[in-house]
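Trainee: Need coordinates for the following:
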Amino acid sequence: MSHEAALHNHEGHESHGHDDHGHHEHHDTFLTKYVFSQDHKMIAKQFLITGMVWAVLGGLMSVLFRLQLGYPDASFPWLESILGKWAKGGQITPEAYYALVTTHGTVLVFFVLTAGLSGTFANFLIPLQVGARDMASPFMNMLSYWFFFTASIIMLSSLFVETGPFSGGWTAYPPLSALHDASPGSKTGMDLWIISMALFVVSSLLGGLNYIATILNMRTKGMSMTRLPLTIWALFFTAVLGVLSFPVLLSGLILLIFDRNFGTSFYLSDIYVNGVGALSNEGGSAILFQHLFWFLGHPEVYIILLPAMGMVSEIMSVNSRKPIFGYMAMLGSLFAIAILAFLVWAHHMFVTGLNPFLGSVFVLLTLLIAVPSAIKVFNWLTTLWRGNIRFTPGMLFAIGFVSLFISGGLTGIWLGNAALDIYLHDSYFVVAHFHIVMGVASMFGMFAGVYHWFPKMYGRYLNNSLGYIHFWITLAGAYLIFWPMHYQGLAGMPRRYFDFSIWESFKQFADLNRFISTVAMIVFAVQILFLINFFYSIFKGRKVTVLNPWESNTLEWTTPINPGHGNWPGEIPEVHRWPYDYGKDGHDFIPQTTPVGEDETETH
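Mentor: Numbering: from 1, shown residues only. Prediction:
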């Protein structure tokens, strides 16, 4: 078959895409289809919507504590009616402030940007883009979601216990996390936090093993590893990182349970508690917990970032109408980041009394991560270069991701230098750095993915005008919130303080703090606009009428508009080429399923 005939055949096939729900779909009850579903697409939607609920709660928490930071002397009577004793007289109490900050961090890092991002897009895209009917183990996939859901319920319940949720920071350092008497939040709230996190780790492991098995074993005919879209490579490395690092956090948490409840001294030594007296614990080291936590904590940064990077590569290539620049370099840099992610954890610990020589080794390894990161940035920019760019909301969020990744990543070079970090550690400079590079950037990757794959998820389009408003206000707002924090950090302003108005040195930032808090509220309001767009469009959005609305090359656009369980009604298509043949030999795009023509130029 000639190249043109093959393309014509593809177009003919595309024009009569129809809704096919598979031959056994009508047997499904409501419970088996929407609740205890084993269809990877439904499980992806469950992860996404659960993640969105947590994003709203976590965002609301940040609005509440920004209210305190921006207006430390003001009283808001409505706060007392919502929070009760946690906001006596309309002012958030110190205990409530620390509980809000702690839960905000835990929820956004683990439940939104790990489960919400990986859980959604690994589940949705892996079978569709590698050409599989479903995951290697659909049952294990379902269990992964329900472990996450159970972890969510337990974390949520910790907000309602009498002594309050855990309030020792999302990193849960001992002794605040290891002693019941350390603070009110260290009592029942902490026990619930540990149980929730342990269940979350189980969920991540079940999911990660499934993703790895599916990618390695269930690719369709012709889909060699080097023909995989970069989304799949990124999700593969993410799963490997999770499987290798989450057990270390779990072991650290188990030792914490022992210290809290069984009188052991893994993390405790020579401690005096006010009102209780000297404790008998000897020989433990709080620094041990930091090593165990950050051995997960730094790979965790890339568990959050890599899926966003993979989706951005795919979305940019599709919407630039150009092949991704440097596919193998992109792949090599993903691999390098995955390796280096395990070798840098102690850069979070330069101020713990770490041996300075060992510190210098971690500085070198930390700065090395800049090399694969820079390769990725260069390749994204060169993919855009002279491209025929379509500025869809998904594409804008992908470009926004690159902007945030560059600006947030550059400050990492400052913090990765031990001599500078000793001054900047635990200041607002750190808050600014990791919120931009990890928090907001990955959120942008997630938004890009939702806007781009929403037509495949729900068979309808999101509203574009609302998408553009969402993008521009969120991008401007993110920079207006976090960029000024760098200057506060350089001036020495420390993190985790409840009220800066009593500090002579930091009174100068009162107006700036008010400004940041106001912008945070506006940005939060715009996310509500996105939610309205999302849920309205599921039911009332403009219907998708063609199989391949973005004219993309990957396999997910060869399925029916609303694919049933099993994805393809007939045979799974065979793959003949890599996924980035855009603008080649006079054709705008050549899908992976199109056989290679005899007269075709370079093939992959």
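
Trainee: Identify each of the strands in the stretch 51-200 of the chain and give its residue range.
Mentor: With DSSP state E, counting those that start in this stretch as the definition, the stretch 51-200 of the chain shows no strands.

Trainee: where are the low-confidence patches of this structure?
Mentor: Residue ranges of the chain with pLDDT under 70: 1-26.

Trainee: Recalculate using a threshold of 80.
Mentor: Along the chain, the parts satisfying pLDDT under 80 run over 1-28, 32, 598-604.

Trainee: middle-most residue in it, spatially?
Mentor: For the chain, the residue nearest the mean C-alpha position is residue 113 (2.5 Å; C-alpha atoms, centre = their mean).

Trainee: pretty sure residue 237 is touching residue 333, no?
Mentor: No - using C-beta atoms under 8 Å, residue 237 is not in contact with residue 333; the gap is 10.5 Å. In short, each C-beta sits where N, CA and C put it, glycine included.

Trainee: How many neighbouring residues does residue 496 have?
Mentor: Neighbours of residue 496 under the rule other C-beta atoms under 10 Å: 11.

Trainee: That one falls within a helix, correct?
Mentor: No - with DSSP: H, G, I helix; E, B strand; the rest coil as the criterion, residue 496 is assigned coil and is not in a helix.

Trainee: what about residue 416, how many neighbours?
Mentor: Neighbourhood size, residue 416 [other C-beta under 10 Å]: 21.

Trainee: Okay, helices next: where are they in the stretch 1-150 of the chain?
Mentor: Along the stretch 1-150 of the chain, the segments classed as helices by DSSP state H, counting those that start in this stretch run 3-15, 30, 40-70, 77-83, 94-106, 120-130, 138-157.

Trainee: tell me the most buried of the ones you listed?
Mentor: Among these, helix 120-130 has the highest mean neighbour count (mean count of other C-beta atoms under 10 Å), at a mean of 27.

Trainee: now it and helix 40-70, what's the angle there?
Mentor: With axes from the mean of the first three to the mean of the last three C-alpha atoms, to 10 degrees applied, the angle from helix 120-130 to helix 40-70 works out at 150 degrees.

Trainee: thinking again about what came up before, now the helices of the stretch 1-150 of the chain in a markdown table, with distance to residue 581?
Mentor: Putting the helices of the stretch 1-150 of the chain into a markdown table (distance: least, C-beta to C-beta, whole Å) gives the following:
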| stretch | distance to residue 581 |
| --- | --- |
| helix 3-15 | 11 |
| helix 30 | 42 |
| helix 40-70 | 26 |
| helix 77-83 | 55 |
| helix 94-106 | 43 |
| helix 120-130 | 15 |
| helix 138-157 | 31 |
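
Trainee: of those helices, which approaches residue 590 most closely?
Mentor: Residue 590 lies closest to helix 3-15 among these, at 6.9 Å (C-beta to C-beta).

Trainee: Now do the buried residues in stretch 357-374.
Mentor: Buried residues in stretch 357-374, counted by 16 or more other C-beta atoms under 10 Å: 359, 362, 363, 365, 366, 368, 369, 370, 372, 373.
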